[in-house]
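Undergrad: have a look; sequence and predicted model below, questions after that.
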Amino acid sequence: MADGESKSRFKRQKMTDDGSDRANPYLAHMHNGAEERDQGVGLSDGHANGHSNGRATGGGTSLASFKRHATTSKQHTVAEDGPANPLNGNNLSKRYFGILKTRRDLPVHAQRQEFLDMYQNTQVLVFVGETGSGKTTQIPQFVIYDDLPQSQGKMVACTQPRRVAAMSVAQRVAQEMDVTLGEEVGYSIRFEDMTGPKTILKYMTDGMLLREAMNDHDLKRYSTIILDEAHERTLATDILMGLLKEVVRRRPDLKLIIMSATLDAQKFQKYFMNAPLLAVPGRTHPVEIFYTAEPERDYVEAAIRTVLQIHATEPEGDILLFLTGEEEIEDACRKINMEADEMVREADAGPLKVYPLYGTLPPAQQQRIFDAAPAPFKPGGRPGRKVVISTNIAETSLTIDGIVYVVDPGFSKQKVYNPRIRVESLLVSPISKASAQQRAGRAGRTRPGKCFRLYTEGAFKKELIDQSYPEILRSNLASTVLELKKLGIDDLVHFDLMDPPAPETLMRALEELNYLACLDDEGELTTLGKLASDFPLDPALAVMLISSPEFYCSNEILSLTSLLSVPQVFVRPAAARKRADEMKDLFAHEDGDHLTVLNVYHAFKSPAAQENPKQWCHDHFLSYRALQQADNVRLQLKRIMEREEVELVSTPFDDKKYYENIRRALVAGFFMQVAKKDSGGKSYVTVKDNQSVLLHPSTVLGQDSEWVLYNEFVLTSKNYIRNVTAVKPEWLLDIAPTYYDVDSFSKGEVKTSLQRVKDKVNRRTGYKAASGR
DNA sequence: GTAAATTCT
């Protein structure tokens, strides 16, 4: 592999980096006259409402003289210079002043006054800050100094799409403000509320704020809400934007800041009644982009070749390669390792260390990507290098310093939803231009880097879409619709979303909720629906849980619901499949996978296993993390059940009906996910939409069950149903009579079969078939 | 006879 060869496949394109040249057309230029503004004395009126909740009020601190929404950057910097902490009057630490210096070097700091001028003069502000601008840590602090939420007895919220981000940013900002995390600055995520009575700045996940909105439609606890990373367009962010658009109308005192990393900010501006925009440049190193001259046929093979060429020809620096899934990544790791060994032997190459990275990898193994690159074989020899092969987890969630080369084949697995067959599935699809930029940017975090795109420049320009479709357009909306109803949105069709989903998707969701009796025929929330929306669960799971006391097994269904809302508990390493399967057989229940996983949970909770649960899980090929997480979820759900007075009951274990009751309770939630064996005897057909499906080979269920209920529909090489339990058709007619109205079924085997069962039941109970509803 | 991008309440 000669040097020239590596370059020949790539056409060099002249550009600094996707966006590091940020001569920004949207940059707001405002006259900076605020310095002369009167520096009001005394706290604003809000201080007089006499809230005695122990919040920091600024009294006795340098903030006491600040006039709300009329402060200046100069005032802020004077206050920050100490000597007392502006928030609580304490002495400031040495570390504080050290951090203060670096904070003032951040690009956002240069525009602090500009930001204040806009913030003070508008209710909604769109803020664009590229990577490295400091927006996530600094803007909320600027806001605190001007909004003085403590004087209103309120807080400033800043949302993040991911839990880790909310936690780590809060930690960092607490340090910057020299306060204890959880006091003036805190965070709130599921299972963990690190806030207290003094908290005035709260980082939180977007999902968490959405939950809060369900019980407080006006979000009255907040004086300013900052939606960060809005460009990621998570489902929760989209719903919050729709909601907040209405809330700002109802609450003129609420300020809203939409923060985004892309220049596609006009869309946000337009959506929010032409809100003003402020843009701040980022600070990253330039990344040189290379494209292939011709399209690649096999992107995995091309990617491996490119990684090896970089290793052979490029100067020191680590490599990040993006692939789409676990199997592809493990496969590429193996191949690169083999080739690298050969390069070391035959071409005197430096050592190459390869690390896989994907979501389901245990945390300890994920940590290994942060190991330093290997040292040269001998002092002064060819440099060692680290290669990380990752899914798009490294695109946003995880940042690896030291990456200088990025290899981007241009694909990722994405969720798609097909409302016609009501199936969410994962599909390998081309990424968007925004993703490609994000990936390239990963090469320029510590020094100038290079990005090798395994597609042509023409393809980048013409074939990639600008932005990935927002999640709301790719999801089953059943739980979203339920949430919206609970948020007080009555007219879903006219609810102003940035990207409204297809009418068919909405119809499907409404229909599903109606069958689940969460919405009545008028589309209004029922008592059951209200209760279901209190649980952080899919509607079918929530309904199953709420109905379970009627089947005398709510304790067991509570466990099962928790198990179904965490990742798979069975571990099946490629090297030990057979042993793993044998272990699974120990827990198998002949009536299906639900009862099997429940057996696992009960065994996990037994004193014997709890003696050393980690070891026990390892020995039994079970995921300790998943089971622990299930335990956590169970506790949270149990608290909600107690609060809402959903009874916790069990059928005695020695009762003949113990397992049958659980299977019947499953039907109460999942009656829409039932399949009947085909006349051929091998495959199954789903009731109502007549899809041919196969039992997933991982099921413990034998082939002799006529009717089965399933949890998941998996589209891979074939249509599989997974997590399957045998049910009786009588139960379907009994528990879900509206859905199993035999007359509504289209002609076919399912209908005939159901009719036969119905007649039999009617004969037995003495009713005439005709008298049935 | 076998798959699971990612994230969230």
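TA: Done, it's in. Only a predicted model underlies this, so the values are computations on that prediction, with no experimental measurement involved. Numbers count the residues shown, from 1 in each chain, chains lettered A, B, ... in the order given.

Undergrad: get me the contact residues on the stretch 151-300 of chain A for DNA strand B.
TA: Counting by Cβ under 7 Å from any atom of the strand, the stretch 151-300 of chain A comes close to DNA strand B at A:161-164, A:189-190, A:205-208, A:211, A:234-236. Backbone N, C-alpha and C define where each C-beta goes, glycine included.

Undergrad: for these, which single residue is the most surrounded?
TA: Among those, residue A:206 has the most neighbours (other Cβ atoms under 10 Å), with 25 neighbours.

Undergrad: skipping its backbone neighbours, what lies nearest that one in space?
TA: Closest residue in space to residue A:206, ignoring its immediate chain neighbours: residue A:236 at 3.8 Å, by Cβ to Cβ, 6 or more residues apart in numbering.

Undergrad: and residue A:699, by the same measure?
TA: Nearest to residue A:699 is residue A:724, by Cβ to Cβ, 6+ apart, at 5.0 Å.

Undergrad: after the host helix or strand of the one you found, which helix or strand is next?
TA: Assigned by DSSP states H and E, residue A:724 belongs to strand A:719-726. With elements assigned by DSSP H and E, the helix or strand that comes after strand A:719-726 is helix A:729-735.

Undergrad: roughly how far out does that next one sit from the chain middle?
TA: Here helix A:729-735 is found 37 Å from its chain centre; the criterion is Cα atoms, centre = their mean, to the nearest Å.

Undergrad: mind saving the C-alpha coords of it as CSV?
TA: Extracted in CSV, the C-alpha atoms of helix A:729-735 (Å, rounded to 0.1, in the frame of the first residue of the first chain):
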residue,chain,number,x,y,z
PRO,A,729,-59.2,-18.5,22.1
GLU,A,730,-61.9,-18.5,24.7
TRP,A,731,-59.9,-16.0,26.7
LEU,A,732,-59.7,-13.6,23.7
LEU,A,733,-63.5,-13.6,23.3
ASP,A,734,-63.9,-13.2,27.0
ILE,A,735,-61.3,-10.6,27.8
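
Undergrad: ok, back up a step: elements contacting the strand holding residue A:724?
TA: Judged by 3 or more Cβ pairs under 8 Å, 6 or more residues apart in numbering; DSSP states H and E, strand A:719-726 is in contact with helix A:593-605, helix A:658-670, strand A:692-695, strand A:707-715.

Undergrad: show residues contacting that strand.
TA: Contact with strand A:719-726 is made by A:564, A:591-595, A:597, A:663, A:666, A:673, A:675, A:684, A:686, A:691-699, A:701, A:705, A:707-714, as judged by Cβ atoms under 8 Å, 6 or more residues apart in numbering.

Undergrad: how far is it from where the chain is centred?
TA: 26 Å.

Undergrad: average model confidence for it?
TA: The average of the pLDDT scores along strand A:719-726 is 91.

Undergrad: before we move on, what about stretch A:88-104?
TA: Averaging pLDDT along stretch A:88-104 yields 92.

Undergrad: what's the weakest-modelled helix or strand in chain A?
TA: The weakest-scoring helix or strand in chain A, judged by mean pLDDT, DSSP states H and E, is helix A:3-8 (a mean of 42).

Undergrad: the helix or strand that residue A:207 is a member of: what's the following helix or strand?
TA: Residue A:207 is part of helix A:206-215, with elements assigned from DSSP H and E. Sequence-wise, the next helix or strand downstream of helix A:206-215 (DSSP H and E) is strand A:222-227.

Undergrad: tally of neighbours for the residue nearest to residue A:191 when sequence neighbours are not counted?
TA: Leaving out its chain neighbours, the residue that sits closest to residue A:191 by Cβ to Cβ, 6+ apart is residue A:632, at 5.9 Å. Neighbourhood size, residue A:632 [other Cβ under 10 Å]: 14.

Undergrad: ok, residue A:634 next?
TA: By other Cβ under 10 Å, neighbour count at residue A:634 equals 20.

Undergrad: repeat that for residue A:672.
TA: 18.

Undergrad: I'd assumed it was in a helix, is it?
TA: No: read with DSSP: H, G, I helix; E, B strand; the rest coil, residue A:672 is coil and lies in no helix.

Undergrad: what sits against residue A:217?
TA: A:243, A:247, A:487, A:488.

Undergrad: in helices only, show me the residues you listed.
TA: A:243, A:247 (DSSP state H).

Undergrad: neighbour count for the contacts of residue A:217 - can I get that in a markdown table?
TA: Formatted as a markdown table, the contacts of residue A:217 follow (neighbours: other Cβ atoms under 10 Å):
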| residue | neighbour count |
| --- | --- |
| A:243 | 25 |
| A:247 | 19 |
| A:487 | 19 |
| A:488 | 13 |
